[in-house]
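S.K.: got a predicted structure plus its sequence, pasted below:
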Amino acid sequence: MSHTPAAVRHALTSAPPADAVPEQAADHPPAVYRVQYRNIENDDTVTLALDPDGSPLPPFAPGQFAMLYAFGVGEVPISVSGIPYGAGPLRHTIRAVGPVSSALHRLRPGDRLGVRGPFGTGWDLDGAAGGDVLVVAGGIGLAPLRPLVHAAFAAPRRFRRLSVLVGARSPADLLYRHELDRWRERAHVAVTVDRPDDGWTGNVGVVTALLNPVVTDPSHTTAFVCGPEAMIRHTARDLLARGLPSRRIRVSLERNMRCGTATCGHCQLGPLLLCREGPVVGYDRAADLMNVRGL
Amino acid sequence: MENVTPAAPTPDPATVLDRTGLDALIRELAARGYTVVGPTERNGAVVLAELAGADELPWGVGTDTDAGRYRTTARADGAAFAHSAGPQPWKRFLHPPRVREWSAERTDQELVFRAETSPAPSYAFLGVRPCDLRAIAVQDRVLAYGARPDSAYTARRRGAFIVAAECTEPGAACFCVSAGGGPAAGPGYDLVLTEVAEPGDHRFWARAGSERGAEVLAVLPGRHADSRTVNAARTAVDAARDRMGRSLPDVDLHALMAGSRGSAHWDDIAQRCLTCGNCTLVCPTCYCTTSEEVTDLTGDHAERWRRWDSCFDLDFSYLHGGPVRSTGADRYRQWLTHKLGTWHDQFGSSGCVGCGRCVVWCPVGIDLTKEIPVFAAERAESAAATGTAPEPRTAAPEHDGGLA
Amino acid sequence: MATAATPAPPPDAARRPSLAVWKLASCDGCQLTLLDCEDELLALAERIDIAHFPEMSRRSVDGPYDVSLVEGSVTTAADAERIREIRAVSRHLVAIGACATAGGIQALRDFADIDEFVSVVYARPEYIDTLARATPAAAHVPVDFELRGCPIDRRQLLEVIGAFLAGRRPQIPSHSVCFECKARGTTCVTVAQGTPCLGPITHAGCGALCPAYDRGCYGCFGPKPDADLPALLPLLRRDGMDAPAVTRFLRTFNATAPGFAVPDGPGDDEPDREAAP
């Protein structure tokens, strides 16, 4: 027999509807944010620092995402790439690939946009406490990992070693280049590119080639992986082969998120609603699903 | 039926209504401000439409259904609720095809959002079949019970007065019993009717399921329930239980669907599937929507609308320049494995109530009750080959208390 | 298939973007849809400079144009050259209607001998200079967006223009007509009445007009991108269509669209002449 859960019955039969749409409602409008400044990362990517026009949204955790709204154009899901500490701005790194992201990319300081969120799961850095932290990023995948690296820096005694491995198509595609240099002071940072340019003296090749020196104690290492799906698969398989338990490989997955509130059905990956159970998922749950074509 | 609020202990209400009593019910609900919606015959089908009186009900209209086929028939007994699930589910009213969610105005420097403030219509649904009552509960779990409930749905749902009609005439495509339901109405109604269409004494046994239901029942003209009416009503509903035209196999469908992702049978179904989306659009629980940005020509006003979407639309899974589910097999698999399998993971119950609409209204008549046994046989075969046990029929009751 | 518009910034707010409307081989019905936008035409003219639209005004401003709407199919060597010229002066080129997106009714010639037609129909065949096939704009030049329909839908045309002005992707769903029947609450004419209907394989856009009047869909908007005609054929046959009838049903406004290609259909013969039991 079907039973309406008690809490639903309460929600549906209790007090008459309030006039206003509740803030946590799926169809609540976005909060207005203002572009405080805009950092050009590379040819097609910028980082926008956003300040709320009114009251801010609830705090974001590293790995969570927002639906960013460009007026008249639409909304896209973008992971948070910088989290305000105190009164600082919220940061989102945006690559212009479609009409909405292109419109967001064109915003200038002072321009307004809509923000809904925070949505989804975070990286769960706490789960790595006491062991090694391994961050593996491909391309724009470094953006959602940036606040994780910052959080690890903020609590240095909680973790043993922090390694950041970054892959990009070419040197020109690298994100946060200056910041990566600063990270080297406090973490093992290695960068590789697929296609070097004339001035490039660093590594060339896939990011998994950088794993050798960093995975020394696999049973006490937690990996955080974000990038194109193929890169995530390869990295996770490599890490498994090195002895990392699959649940200690945390991956960030992407599907066509339309609502962010688990009510539109678009972001399904098998049993997972990625806007709710994701975007960050343990590889123990993700592996089988990622291996099914067309799921 | 633990959610049934005890009826007020005021005068024992008349609980047997005749046609005049049913008419009075419609008028009473309208007088209380409800838009009364119920079944009526139009263009050879029993559709859901606004009703002004009981005359508009489909008296004497039966249905002859099969996979991909629906015809109305004449019934000698003149019954009003002896038609199986029609072309429209009630979600049309609770979760409409198109809804404005919010709007935005842009001036020189400002951006202002406005939540949707138009009041939700207040519906009274007359003749909700038990399968559809369960379907409403399934959509409640998705749209009203999540951490972020949909306020448009919740407002409509909260305002809805539900008059269920128990099933005394299942259709050839019905399989609610094997989907965990049955022809008797479960909880969730304000009033429930059971039709007794006897010659010369066509009547409806009515019970209240809520306080407001009892209030309405108390003012209707009728007579007190007699044992002959109650027995006839119960007998008809019990008999309906054994007359389901179809059934799902008695296996753990949740596990079967998860285990069948790699089956080649999806390709076989895809050979027949039009990917037209009809199954999802007639399904009373399919809830998927997409968002649309609507702008006017001035460029200063924008609106956010959502409309029904379907996992059969190629664009549904659009990601980085193309669809993830590019083949018809991918899309049919998504639909069926979600409906019967991953719905459990996501919302704590099956997404199927066995109403049979997807079978009837599929133009090419793809019938899940015929396809699932194929997957079950495949699994049983591969289990036999590997010496493992196939999916047992585990006790997997629908969750009552929350999400898994 | 409705191709996604390339992400481009919205037009410069300080300058009204220019619009040109062009006609190749066609009936004018689609470009008249623009004039049919009576309630929106003034607002439209405020936002857009209608720079070239002979059907509306003798005024014509030279290009280049921000948007060109092209109606009609290419049926002559001269038009094959013209569509290239139009492309060259257009920042965005939108093909409108069945002719410009699939060849239109005149593409029925593709299944016949054009010389025979010319000799039978015209008193002075030597005056006729035409190609053997009628082809859509996309067969000649890159097209930024294809708007389907015979004729196109007024609301959809406004959506495409509005989306261009806002710099967003036009919301022109490419799913089946069934979606529109269900959204408007129309009972399926195939399932409930046994009426042959192309709706399940036809691109939405008309609002499911015909089924709302108890008729099957004629496929005016052409095949949806993943149209599965072989799956529909048994149904058309069940509902009383023999092979020639099926061929006639599919060969109307979008006869040469690949999704409507009749399997083992008659080639050079006229459909009517195919032997039928």
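M.R.: That came in fine, so what should we check first? Just so we're clear, the structure is a prediction, and the values are computed from it rather than from any experiment.

S.K.: any low-confidence regions in the chain?
M.R.: Went with chain A since none was named. A:1-20 (pLDDT under 70).

S.K.: ah, I was thinking of chain B
M.R.: In chain B (pLDDT under 70), the answer is B:1-14, B:389-404.

S.K.: per the record, what domains does it have?
M.R.: With domains defined by automatic domain parsing, chain B comprises B:16-241, B:253-386.

S.K.: try chain C
M.R.: Using automatic domain parsing, the domain parsing of chain C gives C:18-166, C:177-272.

S.K.: out of those domains, the one nearest chain A is which?
M.R.: For those, the distance to chain A is smallest for domain C:18-166, at 4.2 Å, taking Cβ to the nearest Cβ. For the C-beta atoms, the positions are set from N, CA and C on the backbone; glycine is no exception.

S.K.: start and end of that closest one, how far apart?
M.R.: Domain C:18-166 has an end-to-end distance of 14 Å (Cα to Cα, to the nearest Å).

S.K.: mean confidence for that domain?
M.R.: On average, the pLDDT along domain C:18-166 is 94.

S.K.: now tabulate the domains of chain C in JSON lines and tack on distance to residue A:187 and mean neighbour count.
M.R.: JSON lines is the format used below for those (distance: least, Cβ to Cβ, whole Å; neighbours: other Cβ atoms under 10 Å in any protein chain shown):
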{"stretch": "domain C:18-166", "distance to residue A:187": "43", "mean neighbour count": "19"}
{"stretch": "domain C:177-272", "distance to residue A:187": "48", "mean neighbour count": "21"}
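
S.K.: possible to save those domains as TSV with distance to residue A:242?
M.R.: Output for those, formatted as TSV (distance: least, Cβ to Cβ, whole Å):
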stretch	distance to residue A:242
domain C:18-166	48
domain C:177-272	42
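
S.K.: using JSON lines, lay out these together with distance to chain A.
M.R.: Shown next, in JSON lines, are these (distance: least, Cβ to the nearest Cβ, whole Å):
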{"stretch": "domain C:18-166", "distance to chain A": "4"}
{"stretch": "domain C:177-272", "distance to chain A": "13"}
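
S.K.: and these: which comes nearest residue B:191?
M.R.: Proximity to residue B:191 (Cβ to Cβ) singles out domain C:177-272 among the domains of chain C, at 25.2 Å.

S.K.: quick check: residue B:71 is in a helix.
M.R.: No: Residue B:71: not assigned to a helix; according to DSSP: H, G, I helix; E, B strand; the rest coil it is strand.

S.K.: which secondary structure state does whichever residue of the stretch 151-295 of chain A sits closest to chain C sit in?
M.R.: Nearest to chain C in the stretch 151-295 of chain A, going by Cβ to the nearest Cβ, is residue A:258, at a distance of 12.6 Å. Following three-state DSSP, the label given to residue A:258 is coil.

S.K.: that one is in contact with residue B:290, isn't it?
M.R.: Yes: counting by Cβ atoms under 8 Å, residue A:258 touches residue B:290, with 5.6 Å between them.

S.K.: touching both of the two, which residues are there?
M.R.: Both residue A:258 and residue B:290 are contacted by A:264, A:266, under the criterion Cβ atoms under 8 Å, 6 or more residues apart in numbering or on different chains.

S.K.: hang on, the earlier thing: mean neighbour count and distance to residue A:266 for the domains of chain B - can I get that in TSV?
M.R.: As requested, the domains of chain B are exported to TSV (neighbours: other Cβ atoms under 10 Å in any protein chain shown; distance: least, Cβ to Cβ, whole Å):
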stretch	mean neighbour count	distance to residue A:266
domain B:16-241	20	13
domain B:253-386	21	6
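
S.K.: can you redo those as a markdown table with distance to chain A?
M.R.: What follows is the domains of chain B, written out as a markdown table (distance: least, Cβ to the nearest Cβ, whole Å):
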| stretch | distance to chain A |
| --- | --- |
| domain B:16-241 | 4 |
| domain B:253-386 | 3 |
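
S.K.: as a markdown table, the ones you listed with distance to residue C:262 would be great.
M.R.: Listed next are the domains of chain B as a markdown table, based on distance: least, Cβ to Cβ, whole Å:
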| stretch | distance to residue C:262 |
| --- | --- |
| domain B:16-241 | 23 |
| domain B:253-386 | 17 |
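
S.K.: contacting residues around residue 65?
M.R.: No chain specified, so I'll use chain A. Per Cβ under 8 Å, 6+ apart, neighbours of residue A:65: A:77-80, A:117-120, A:144, A:257, A:260, A:275, A:279.

S.K.: not what I meant, chain C
M.R.: C:18-20, C:51-52, C:89-91.

S.K.: tell me the one of those residues nearest chain B?
M.R.: Comparing those against chain B with Cβ to the nearest Cβ places residue C:19 closest, at 12.4 Å.
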